[in-house]
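Student: after the sequence you'll find the predicted model.
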Amino acid sequence: MSLSFGKAFGFHRSMDTVGAVIGPVLAFVILGIFSVNFEWVFRVSIIPDLFALFCIAIFVKDVKKHTPAERPVISLRHFNEVKHV
């Protein structure tokens, strides 16, 4: 189970990085090719935002959390009993 959490975290971070690189590059290309103003680029940028919100609303489901098992007791009480080799 923790392996899937690690994969999900890695995927999330990689997609965040990809978006951080592709977004400004795409905006720069749109400005260069179409000679439009910044306001137009910002208005068009709402399209992928709405698509992402739609995907989250449809495909992401909440997972009910189970009550955790009793946590182990961590103690250093026997720390001084360690024999030196």
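Tutor: Noted; the coordinates are in hand.
Student: counting by contacts, list what the strand or helix carrying Gly10 packs against.
Tutor: Using DSSP states H and E, Gly10 falls within helix 2-34. Applying 3 or more C-beta pairs under 8 Å, 6 or more residues apart in numbering; DSSP states H and E, we find helix 2-34 packed against helix 38-44. All C-beta spots, glycine's among them, are computed from the backbone N, C-alpha and C.
Student: can you point out the buried residues in the helix holding Gly10?
Tutor: By neighbour count with 16 or more other C-beta atoms under 10 Å, helix 2-34 contains no buried residues.
Student: list the contacts for Asp16?
Tutor: With contacts defined as C-beta atoms under 8 Å, 6 or more residues apart in numbering, Asp16 has no neighbours.
Student: before we move on, what about Leu3?
Tutor: Taking C-beta under 8 Å, 6+ apart, one finds nothing in contact with Leu3.
Student: okay, it: pLDDT?
Tutor: We have a pLDDT of 70 for Leu3.
Student: against Phe9, how distant is it?
Tutor: 11 Å (C-beta to C-beta, to the nearest Å).
Student: try Leu31
Tutor: Between Leu31 and Phe9 the computed distance is 34 Å (C-beta to C-beta).
Student: Gly32 too?
Tutor: 35 Å.
Student: name the residue closest to the centre of the protein, please.
Tutor: Nearest to the mean C-alpha position of the chain, counting by C-alpha atoms, centre = their mean, stands His12 at 3.3 Å.
Student: ok, it - contacts?
Tutor: By C-beta under 8 Å, 6+ apart, no residues touch His12.
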